[in-house]
Every structure is written in C-alpha cells, then in structure tokens.
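**Student:** structure for this input, please:
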Amino acid sequence: MVQKADFTSEEWNNIMIAPQMAAIYITLSSPSGLFSSLKEMMSFPKLIAEEEAAPSGNALVKAVVEEIKAMTERKEKLPMPAMSRDAEEIRTQCIRTFRTLDVLLREKATDEADGYKRWVYKAAVNSAEASKEGGFLGFGGVLVSEAESEALKEIAGALYIAV
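**Tutor:** Predicted coordinates for the structure are as follows:
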C-alpha cells in the first residue's frame, strides 16, 4: 500500500496539488464572471467530501485526503508552486504537472496510478460542472462549455487516461 513516505517531498507536493491544478486549468479554459470562477475553484472541497462519503478504495487518494484534512486542521495551505500571471503559462504549468504525475505514479504507485489520475480528472469535472456557462442571471447557459469540454480532454490526455 502506497503512502506519503514512499515519495520525496517534491513528488508528494506534485501529488497533492494535482487536483487543485485541474480546477485551475478548467477555470482558465473558459473565464467567466467572478462568482462562477470562485465556484469553479471551490469545487476541490467537494471532491474531498465525496471521497469521505464514498471512499474509492485507492490508497493514494486516501493518503492525500487524510493529509489535506490534517493540513486544514493545522490551518496550512496546499504547497502550490509559484505561478506566472499569464494564463497560458499557468495552463502550460498545469499540463506539465499532470504529465509529471503520470510518470511518477507509473514508477512509484503502479496499483494506485489509474485511480488517482481519475480522481484528479474528477476534480476537473467538478470544477467544470460547478457553474453554468453563458445564460443570464442563472437562466439558460450550459453546465459545461465547449472550452471546458476541450480542457477536460486535454487534462485526460496529459494524465494518459481514457474517458
């Protein structure tokens, strides 16, 4: 069973930030108003709650959820990397994070790799579905925009998962 001690601190940080990077990627793919963007970025706690309510059985997901809960109790923030102010550079950094994660998990967490990468992808889906795109005052619009759908495909490709 894989656990935090199986990784260097840099590797563990990459594992920890991947779901949040997925939400960032989605938010940047289809910029909407402030309220919608906040809802998309705040989808991460929903991912944690879903895992607690219906555990996936993935040891790595469980270890990350436990670590995030412990960090929350200690009022610590996720160890996010320094980011550019340029949206395209941030998107590139996110894709690099996903590709690095894929390689890392295939090398060190073979049994948990697919399930963890799918959990990261679920973070992106939750973000995409957090707020309707288009419409007016909550009427009309679509749950997932074309740009978000394309971003979801890009994330799946970078994680080397079929969806």
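**Student:** tell me where the chain has helices.
**Tutor:** Secondary structure of the chain (DSSP state H): helices at 9-29, 34-41, 43-53, 59-73, 87-108, 110-128, 146-159.
**Student:** possible to save these as JSON lines with distance to residue 81 and mean neighbour count?
**Tutor:** From N, CA and C alone the C-beta is placed, and that goes for glycine too. Shown next, in JSON lines, are the helices of the chain (distance: least, C-beta to C-beta, whole Å; neighbours: other C-beta atoms under 10 Å):
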{"stretch": "helix 9-29", "distance to residue 81": "7", "mean neighbour count": "22"}
{"stretch": "helix 34-41", "distance to residue 81": "16", "mean neighbour count": "15"}
{"stretch": "helix 43-53", "distance to residue 81": "16", "mean neighbour count": "16"}
{"stretch": "helix 59-73", "distance to residue 81": "16", "mean neighbour count": "17"}
{"stretch": "helix 87-108", "distance to residue 81": "7", "mean neighbour count": "17"}
{"stretch": "helix 110-128", "distance to residue 81": "16", "mean neighbour count": "22"}
{"stretch": "helix 146-159", "distance to residue 81": "16", "mean neighbour count": "18"}
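**Student:** what's the closest of these to residue 79?
**Tutor:** Distance to residue 79, taken as C-beta to C-beta, is lowest for helix 9-29 among the helices of the chain, at 4.6 Å.
**Student:** got the angle for the closest one vs helix 59-73?
**Tutor:** With axes from the mean of the first three to the mean of the last three C-alpha atoms, to 10 degrees applied, the angle from helix 9-29 to helix 59-73 works out at 80 degrees.
**Student:** helices and strands around helix 9-29, which ones?
**Tutor:** Judged by 3 or more C-beta pairs under 8 Å, 6 or more residues apart in numbering; DSSP states H and E, helix 9-29 is in contact with helix 34-41, helix 43-53, helix 59-73, helix 87-108, helix 110-128, helix 146-159.
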